[in-house]
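>>> Sharing a model that was predicted from the sequence below.
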Amino acid sequence: MEGSIVFAVAIIFFAIIIISKGVKIVSQSDLYVVERLGKFNKVLHGGFHIIIPVVDRVRAILTSREQLVDIEKQSVITKDNVNISIDGIVFCKVDDAVQATYNVINFKDAIANLAMTTLRAEIGGMDLDDTLSNRETLNAKLQTELGSAATNWGIKVTRVEIADISVPPSIEKAMNMQMEAEREKRAIQTRAEAQKEAQIREAEAFKQSEILKAEAIERMANAKRYEQEQLAAGQQEAMRLINISMMENEKAAEFLLAKDRIVAFKALAESSSTDKMILPYDVTSMIGSTSVLGDAFFKGVSNGNSNNA
């Protein structure tokens with residue numbers, strides 16, 4: 001009786017162990033590769049699964065999350081024979097769990113070794129300046145090369161980052177001197193450009209000022225000319241009106257002359273000078289005629305004396 005109980009307990013315990021071996025609870029980010037009798041059967045994704053104990057077994061447990069693969073620091077010679085040290089990081093994730101399990105022993109080691117080989121080949125074809133200044137180009141080339149090879153392993157390379165590039169101290173010193181000279185050159189060029197721009201602005205301002213002065217002078221000349229033209233036109237119009245008035249009224253001219261004589265006589269009368277003589281208009285005409293006859297007479301006498309001589 002006791003033997004039967006022990007046997008039953010043993011059977012139950014064995015059944016519990018077998019059942020526990022057949023129950024698999026897979027995390028959301030994990031991938032279980034299951035084999036049946038040594039041959040691939042299926043891939044278990046996140047959730048509750050039951051497999052056949054003893055017959056089925058989990059061959060590999062992979063993660064679907066992005067993983068990091070370090071590229072160890074190594075010495076690389078550039079195209080211009082400069083020995084530099086470089087390292088980096090490869091970001092990848094399992095895209096096909098079956099290929100990642102059966103096509104490569106350890107995909108991380110394979111990617112790391114391939115990355116170092118590819119890095120040597122790429123940098124060997126680049127100058128030091130290109131290597132230092134074109135990291136993005138180098139990262140893109142590495143990602144392309146690694147991605148092409150990793151596809152056969154069921155791995156997707158999402159990106160590659162060059163972490164650090166170290167150059168020998170002598171090269172670093174020379175580069176610092178070169179960068180300092182380049183910065184000084186750019187500063188000189190910047191100052192020269194600024195001075196040039198200032199001179200151009202000053203010349204433009206002077207030119208604009210001269211143009212404004214010339215325009216102001218021209219406007220003043222035009223205004224003066226306009227004033228003179230208007231004054232002349234006014235005088236001409238006044239003379240025209242006077243002529244018309246004189247033609248319409250013959251005594252108007254005599255009236256104006258008489259008015260001017262009155263003003264002149266008044267000024268003479270008010271003057272304190274004693275050496276003045278007032279002659280009638282007819283007398284002044286006779287004096288003018290007498291002066292003309294006198295000039296003719298004296299001229300004739302002078303010519304006669306010349307002939308006698």
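Perfect, thanks for sending it.

>>> mind listing the strands for the stretch 1-150 of the chain?
Listed in chain order, the strands found in the stretch 1-150 of the chain under DSSP state E, counting those that start in this stretch are 23-26, 30-36, 39-44, 47-50, 56-63, 67-77, 83-94.

>>> With mean pLDDT as added columns, please give the ones you listed in CSV.
Formatted as CSV, the strands of the stretch 1-150 of the chain follow (pLDDT from 0 to 100):
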stretch, mean pLDDT
strand 23-26, 86
strand 30-36, 92
strand 39-44, 91
strand 47-50, 88
strand 56-63, 90
strand 67-77, 88
strand 83-94, 90
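
>>> Would you mind reformatting the ones you listed (as a markdown table) and adding columns for distance to residue 118 while you're at it?
C-beta here means a position set from N, CA and C on the backbone, and glycine is covered the same way. Output for the strands of the stretch 1-150 of the chain, formatted as a markdown table (distance: least, C-beta to C-beta, whole Å):
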| stretch | distance to residue 118 |
| --- | --- |
| strand 23-26 | 34 |
| strand 30-36 | 27 |
| strand 39-44 | 30 |
| strand 47-50 | 38 |
| strand 56-63 | 24 |
| strand 67-77 | 10 |
| strand 83-94 | 10 |
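
>>> and of the ones you listed, who's closest to residue 196?
Set against residue 196 and scored by C-beta to C-beta, the strands of the stretch 1-150 of the chain come closest in strand 83-94, at 40.8 Å.

>>> partners of the closest one in the sheet?
strand 67-77 (antiparallel), strand 155-166 (antiparallel) (DSSP bridges).

>>> Please work out which of the ones you listed is packed deepest.
Each of the strands paired with strand 83-94 was scored by mean neighbour count; the highest is strand 155-166, a mean of 17, by mean count of other C-beta atoms under 10 Å.

>>> which non-adjacent residue is nearest residue 120?
Spatially, and ignoring its direct neighbours in sequence, residue 120 is nearest to residue 76 (5.4 Å; C-beta to C-beta, 6 or more residues apart in numbering).

>>> wouldn't the one you found be in contact with residue 124 here?
Yes. Using C-beta atoms under 8 Å, residue 76 is in contact with residue 124, at 7.2 Å.

>>> all helices for the chain, in order.
Listed in chain order, the helices of the chain (DSSP state H) span 2-22, 97-102, 107-124, 128-133, 135-150, 169-248, 251-270, 281-308.

>>> weakest of those helices by average pLDDT?
Note on the helices of the chain: lowest mean pLDDT is at helix 281-308, with a mean of 48.

>>> Relative to residue 134, which of the strands paired with strand 83-94 is closest?
Of all the strands paired with strand 83-94, the one in closest proximity to residue 134, counting by C-beta to C-beta, is strand 155-166 (10.2 Å).

>>> Please save the CA atoms from that closest one in CSV.
Coordinates of each C-alpha in strand 155-166 appear next as CSV, following Å, rounded to 0.1, in the frame of the first residue of the first chain:
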residue,chain,number,x,y,z
ILE,A,155,20.4,41.2,-38.6
LYS,A,156,19.4,44.7,-39.6
VAL,A,157,22.1,47.4,-39.0
THR,A,158,20.2,50.6,-38.1
ARG,A,159,23.1,52.9,-37.9
VAL,A,160,26.9,53.2,-37.3
GLU,A,161,28.6,55.9,-35.2
ILE,A,162,32.4,56.6,-35.2
ALA,A,163,33.0,57.3,-31.5
ASP,A,164,36.5,58.6,-31.4
ILE,A,165,39.4,59.3,-33.8
SER,A,166,42.8,59.9,-32.2
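
>>> May I see the buried residues of stretch 141-149?
If you call a residue buried by 16 or more other C-beta atoms under 10 Å, then stretch 141-149 has these buried ones: 141-143, 145-147, 149.

>>> Stretch 188-201 now?
The neighbour-count criterion (16+ other C-beta under 10 Å) identifies no buried residues in stretch 188-201.

>>> One more: stretch 39-49?
41, 43-44.

>>> Quick check: of those residues, which lies closest to residue 235?
Set against residue 235, the nearest of the buried residues of stretch 39-49 by C-beta to C-beta is residue 43 (116.7 Å).

>>> Is the closest one bridged to anything, and to what?
Taking DSSP bridges as the rule, residue 43 bridges to residue 33.

>>> Quick check: it vs residue 59, distance?
Relative to residue 59, residue 43 is positioned 10 Å away (C-beta to C-beta, to the nearest Å).

>>> which residues are common contacts for these two?
When C-beta atoms under 8 Å, 6 or more residues apart in numbering defines a contact, the residues bordering residue 43 and residue 59 alike are 33-34.
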